[in-house]
Structures are given as structure tokens and as C-alpha cells.
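Q: Need coordinates for the following:
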Amino acid sequence: MPGGRLTQQERRQIALGLADSLPYAEIARRLDRPTSTVTREVMRNGGPTAYRADLAHRATEQRAHRRRKAPRDPGTPPQAHGRNSEAVREYEETFTTVFMQSGLPKMTARVLACLYTTDAGSLTASELAGHLRISPASVSKAVAFLESQGLLRRERDERRRERYVVDDDVMYQSTMAGARATAQLGEIARQGVGILGPGTPAAARLENIARFVDFVSESIARAADQAREILHSKPAATSDGVESQPQP
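A: Residues are numbered from 1 along each chain as shown. Got it, this is the predicted structure:
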């Protein structure tokens, strides 16, 4: 399996695969690359609908040029567990892009990705500002939005510092909040049936929307309850030392 950076020709093959609606795994198989490589490449360059091979190649060259010119910060601590700093940074960018495509503003997405990729699952405002090299005001604004969406919670540590946490239960609560928001859409749609007149085309449309989102929200809530224990379990190690997914 080849290593190193993707070539321009490989990026064009990725673009062709996306145009043919091929899954990432199939595109990766054709390139003899890991699926994760293709996923990162697409997500950090606009996503499957906006990916352009030549633009992606140019952006990658520009990022590499900036990194070569950027002065090294001697105060930057080494990565824990022997992690590759560059790989971690690129993964955070990929995670950020995914959050942005789900509707989060860029700065908010960066903060959330940073929290999810830290071992502690929590950081202070100063730690976030330092890691992302942004202002405390930017951190405060992003945290306020994430908290309003149930995507993190606040707590005080032993030094009375406020920490922002994305533990296992936060993911469950966020999913349930999304299910409730979807259910509310159904309720509002159903109210319109009486206002617009039962039997009218508009009322029929709203009734169908209400039935659809009722089913979706109930399915999400039921699945989240059934799978909640996965968030509190540890992956089981296989005989070759590779972690496998726990069974719900």
C-alpha cells in the first residue's frame, strides 16, 4: 500500500469516484490507499459535494509551503503517547470540517474538535485559546453556543477553574436534544393542518411531514437509549491486539 502525500492524479481519481457516488472505501481500494486517507482528503477540501481535485491539490501545496516557512515553537509540548503531531493536527482539521458540514460555525467547530481529541475530554478557556491560538472572547462565544446546543457542559476542577467537558453522557444528551427538536418540528407541522384546512394539499403535505419526523425522532431516541451503554464501555482487544467495537 503506497504511502506519502496524494498525487494530483490520485485526487482526480477521487473526484471521479465521488462523481460516480462511490463510497470512500471503494475509492480507497482503487487507489490502494487507506480509507481514512480518502476520507480526510475529501472532508478537509469541501466535502463530497464540493470536492475539486485541482483546488484540493493546490490547497495542500499551500499548506505544506506555509508549514515549511513557519518558525518552530520551542514551547510546544510533545504529543502524548508518541503521537505524530502532524497527523493529529490534520485529523483535527478533518473533524472540524465534518462539524462545519453539520452546520456549526468554523470557530465553534474548531473548539468542539479540540475538545473531542484531547485525552481528558475537557479543557479550560485558556487551554483552548492557547491550543487553537484564538482569543478568549472567541472561546467564550463558541462555548456559549455549544452549551446552548447541549454539545458540552461546564464544571469546576479542584482549582476552581471552569472546564468545558465533552464526556460520554454529553453525546447522549445532545442526541436526545436533537430528537426532541425534530419532534417539535412535527408538532408545529401538525398544527398547520387545522389552520390550513384538513383535506387541502398544503395540510396533506404538513401531515406527511409530521408523520415522517415523528417516526424519525422516535427512532433516534429509541436507538440512543438502546446504544447508550456503548458510550460507557471500552473496546475489547482482539487476539492480535487490535481493539474491536463493543457490542451493545
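
Q: OK, contacts around the residue lying closest to Ala113 once chain neighbours are set aside?
A: Nearest non-adjacent residue to Ala113, counting by Cβ to Cβ, 6 or more residues apart in numbering: Phe95, 3.9 Å away. C-beta: built from backbone N, CA, C; applies to glycine. Contacts here follow Cβ atoms under 8 Å, 6 or more residues apart in numbering; on that basis Phe95 touches Ala113, Tyr116, Thr117.

Q: so how far is Gln173 from the second one?
A: Spelled out, it's Tyr116. Shown here: Tyr116 relative to Gln173, a distance of 15 Å by Cβ to Cβ, to the nearest Å.

Q: now do the last one
A: Here Thr117 is placed at a distance of 20 Å from Gln173 (Cβ to Cβ).

Q: By residue count, which helix of this structure is the longest?
A: Counting residues, the longest helix in the chain under DSSP state H turns out to be helix 168-196.

Q: Can you point out the buried residues in that one?
A: Of the residues in helix 168-196, those scored as buried under the neighbour-count criterion (16 or more other Cβ atoms under 10 Å) are 170-172, 174-176, 178-179, 182-183, 185-186, 189-190, 192-193, 196.

Q: same check, this time on stretch 222-232
A: Of all the residues in stretch 222-232, those buried under the rule 16+ other Cβ under 10 Å are Ala224, Arg228.

Q: mind giving me the domain split of this protein?
A: With domains defined by automatic domain parsing, the chain comprises 8-59, 85-165, 168-232.

Q: any weak-confidence spans in this protein?
A: Flagging of the chain using pLDDT under 70 yields the residue ranges 1-3, 64-79, 235-248.

Q: which residues in it form helices?
A: With helices called from DSSP H, the chain shows them at 8-19, 24-31, 35-43, 53-69, 85-101, 106-116, 125-132, 136-148, 168-196, 201-227.

Q: mind checking how far the residue nearest to Ala113 is from Pro201?
A: Here Phe95 is placed at a distance of 43 Å from Pro201 (Cβ to Cβ).
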